[in-house]
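Student: Here is my input; please provide its structure:
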Amino acid sequence: MNYLTQQLLNAEEINLLKKDLEDETQNWEDGGKTAGSHASIVKNNLQLNRNSELSKKYSQFVNKKILSNQLIKSFSLPKRIHGIMFTKSSKNMHYGRHIDNPYMSSGRSDLSFTLSLTNKDFYEGGELIIETMNSEEKFKLNAGEIILYPSSYLHSVSEVNNGERIVCVGWIESYVKSTEKREYLFDLDAGARSLLAKNGRSDELDLIFKSYSNLLRAMGD
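Tutor: Presented below is the predicted three-dimensional model:
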């Protein structure tokens, strides 16, 4: 499975964001409002109104945090981060099996992400389940941890049995549409950066970075 997990927020950022979301009582609404026609049937959660000042403020914050993380940038090659929203699921809430819309009003969905704002030990159930052709994997994240995965995968969130799950979700339109090609570029970039850290700059490494850059030009939009 092609995915990346990474600690994105520190403890201070998590506590501030989570407190503001928990103090907000007016702008939580039915999550089905922003789902596609099929997904809305299986979506049972709450989401913060995207037009609220709190949602706008923290959407910009999450956007900046993602763009400042070199590993995430290398993995996703972000052209546009869009559709960011904050959702919460209490007892008996879930989001059934679905596929994300390929094109949204805010952009193309090449990668989906979930940023956990609740520690995995503070609620029961609520696993993010991602399916591929031959496998199914379940994820529960630590507070401040993010997972990015191709939007082409079927996925779901299992029913919360106890406690409350608060997350930030969104999508990335990448400069490279193909999951397979992004993986090639990510491996090449990671290998080159590792060699640079171990051995310093060299003529051979310059050629690798040159090839990476020109492959990105050839594969990108």
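
Student: hey, let's count contacts and neighbours off CA atoms from now on
Tutor: Fine.

Student: in the longest helix along the chain, what's buried?
Tutor: Longest helix of the chain, by residue count under DSSP state H: helix 179-199. Neighbour-count burial for helix 179-199 flags 179, 182-183, 185-186, 188-189, 192-193 (criterion: 16 or more other CA atoms under 10 Å).

Student: What pairs with the top strand by length along the chain, parallel or antiparallel?
Tutor: Secondary structure of the chain per DSSP state E: the longest strand is strand 78-89. Using DSSP bridges, strand 78-89 pairs in its sheet with strand 46-48 (antiparallel), strand 165-174 (antiparallel).

Student: quick check: angle from the helix or strand following that strand to strand 78-89?
Tutor: From strand 78-89 onward toward the C-terminus, using DSSP states H and E, the following helix or strand is strand 94-98. With axes from the mean of the first three to the mean of the last three CA atoms, to 10 degrees applied, the angle from strand 94-98 to strand 78-89 works out at 140 degrees.

Student: Just the residues contacting strand 94-98, thanks.
Tutor: 38-39, 42-45, 126, 154-160 (CA atoms under 8 Å, 6 or more residues apart in numbering).

Student: Could you pull up the mean pLDDT of the longest helix of the chain?
Tutor: Model confidence over helix 179-199, given as mean pLDDT, is 96.

Student: Would you mind pulling up the elements that the helix or strand following it packs against?
Tutor: Using DSSP H and E, the next helix or strand after helix 179-199 towards the C-terminus is helix 203-219. In terms of contacts (3 or more CA pairs under 8 Å, 6 or more residues apart in numbering; DSSP states H and E), helix 203-219 is packed against helix 179-199.

Student: Domain-wise, how is this structure divided?
Tutor: Under the assignment automatic domain parsing, the domains of the chain span 4-174, 179-219.

Student: Kindly reformat the contacts of strand 94-98 as CSV containing secondary structure.
Tutor: Output for those, formatted as CSV (DSSP: H, G, I helix; E, B strand; the rest coil):
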residue, secondary structure
38, coil
39, helix
42, helix
43, strand
44, strand
45, coil
126, coil
154, coil
155, strand
156, strand
157, strand
158, coil
159, coil
160, strand
